[in-house]
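Q: return a 3D structure for these sequence lines:
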Amino acid sequence: MPPLGTAPALVQSAGATETAPAPLLTASFPVATVPGHLLVLSASAYTGTSNTSTSANSGGAAASTGELVIGFMAGHATTQAMSVPFIGYTLQPQLTSTGDAVSLLTGYRVAGASGAQSLAGGFPPSMYWAAGVVVFHSAH
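A: Here you go, the predicted structure:
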């Protein structure tokens, strides 16, 4: 956990993909977590309908100055590189699954001003994608 008075930050992310239908899916962090870490789960299910394009956009989420914003882009059916041209995001290394082709790119920033926060990026050629942002409001 960062010392008091330091800016919040995304420390690590992990992903997992099932290679066959199963009732359980497990993901492991690259480094063990410790008491005080905030753990966040984001899960999705393919429902049989998707759109493809060469760009993804999370849409906006309201944040106030100084709040932690975490964004993600995920794609499936290909393991190509994804890029985020938004200035101000600290990106984590892209994760790519084995088995079914799934890629995950995460990043974070501290909101510099109040307003809508989003994450967008691109990848050539087209692929199925999902994107989102979450804002962590201060408990003070």
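Q: from residue 72, how far out is residue 95?
A: From residue 95 across to residue 72, the span is 10 Å (Cβ to Cβ, to the nearest Å). Quick note: C-beta positions are derived from backbone N, CA and C, even for glycine.
Q: which strand runs longest in the chain?
A: strand 120-136 (DSSP state E).
Q: and that strand, what other elements does it pack with?
A: Contact analysis of strand 120-136 by 3 or more Cβ pairs under 8 Å, 6 or more residues apart in numbering; DSSP states H and E lists strand 52-57, strand 61-63, strand 68-76 as its packing neighbours.
Q: what's the most buried one of those strands?
A: Mean neighbour counts were compared across those using mean count of other Cβ atoms under 10 Å; the top stretch is strand 68-76, at a mean of 23.
Q: and the angle from that strand to strand 52-57?
A: In terms of direction (axes from the mean of the first three to the mean of the last three Cα atoms, to 10 degrees), strand 68-76 departs from strand 52-57 by 170 degrees.
Q: run me through the strand neighbours of strand 68-76, direction for each.
A: strand 102-110 (antiparallel), strand 120-136 (antiparallel) (DSSP bridges).
Q: put the alpha carbons of that strand into PDB.
A: Taking C-alpha atoms only, strand 68-76 is exported to PDB below (Å, rounded to 0.1, in the frame of the first residue of the first chain):
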ATOM      1  CA  LEU A  68      -7.800   7.300  -9.300                       C
ATOM      2  CA  VAL A  69      -9.100   6.300 -12.800                       C
ATOM      3  CA  ILE A  70      -8.400   2.800 -14.100                       C
ATOM      4  CA  GLY A  71      -9.200   1.900 -17.700                       C
ATOM      5  CA  PHE A  72      -9.000  -1.300 -19.700                       C
ATOM      6  CA  MET A  73      -9.300  -2.500 -23.300                       C
ATOM      7  CA  ALA A  74      -9.700  -6.200 -24.100                       C
ATOM      8  CA  GLY A  75      -9.900  -8.000 -27.400                       C
ATOM      9  CA  HIS A  76     -10.600 -11.600 -28.400                       C
END
